[in-house]
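J.: Have a look at this fold, sequence not included:
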């Protein structure tokens, strides 16, 4: 016979499992990242290694997607190119340390991706291919705190895209 304590644990465990199954799934895949526009001759994004950049972007997309995608839906994202805000000092023609990114209005961030949103039964609810860009990135107020000190312009651009594409009510979507 189960004790009251064991039953409470079972109820708690069942609640946690049902909560996990209600989470939407967001899968992010980077297609041939070695060929991304912003990877320099050293195979890096300046001071950031590609694995760091891709991990930050992937975690951001998963976090944003889980906040916007309905439970039991799946969002698959395939990223085919990443260009970070700014340009490395060596590439910008300015004299400075080679790993310093110089932020200018002509060097805005962009991410090229394909996405597909599916329902629990596998029906495709939406799909598309887009190039996200923020040509006005230097003029947006970005709250730089401990959570977004790395890649703030790219994270902000992704947040706005998720908000418009997936979080806004269907009637307000473009």
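T.: Perfect, thanks for sending it. These figures come from a predicted structure and were not determined experimentally.

J.: Now do the phi/psi pair for residue 114.
T.: Dihedral pair for residue 114: phi -120, psi 150, per degrees, to the nearest 10.

J.: Give the full set of residues in contact with it.
T.: In this structure, residue 114 makes contact with 77, 78, 80, 127, 128, 129, 130, judged by C-beta atoms under 8 Å, 6 or more residues apart in numbering. Where C-beta positions appear, they are placed from N, C-alpha and C, glycine not excepted.

J.: Mind giving me the packing neighbours of the one helix or strand the fourth one maps to?
T.: Spelled out, it's residue 127. Taking DSSP states H and E as the definition, one finds residue 127 inside strand 124-133. With contacts taken as 3 or more C-beta pairs under 8 Å, 6 or more residues apart in numbering; DSSP states H and E, strand 124-133 sits against strand 110-118, helix 152-162.

J.: What mean pLDDT does that strand get?
T.: What strand 124-133 shows for mean pLDDT is 95.

J.: buried stuff in that strand?
T.: Residues residue 132 are the ones in strand 124-133 that count as buried (16 or more other C-beta atoms under 10 Å).

J.: Do a quick rundown of the helices in the chain.
T.: 4-21, 50-68, 89-92, 152-162 (DSSP state H).

J.: Where does the prediction get shaky in the protein?
T.: 1-24, 39-47, 87-106, 137-138, 140-149, 169-174 (pLDDT under 70).

J.: give me the number of residues near the nearest residue to residue 159 once chain neighbours are set aside?
T.: Nearest non-adjacent residue to residue 159, counting by C-beta to C-beta, 6 or more residues apart in numbering: residue 64, 6.1 Å away. Using other C-beta atoms under 10 Å, residue 64 has 22 neighbouring residues.

J.: tell me the contacts of residue 64?
T.: The contact partners of residue 64, by C-beta under 8 Å, 6+ apart, come to 158, 159, 162, 166.

J.: What separation is there between it and residue 135?
T.: For residue 64, the distance to residue 135 equals 21 Å [C-beta to C-beta, to the nearest Å].
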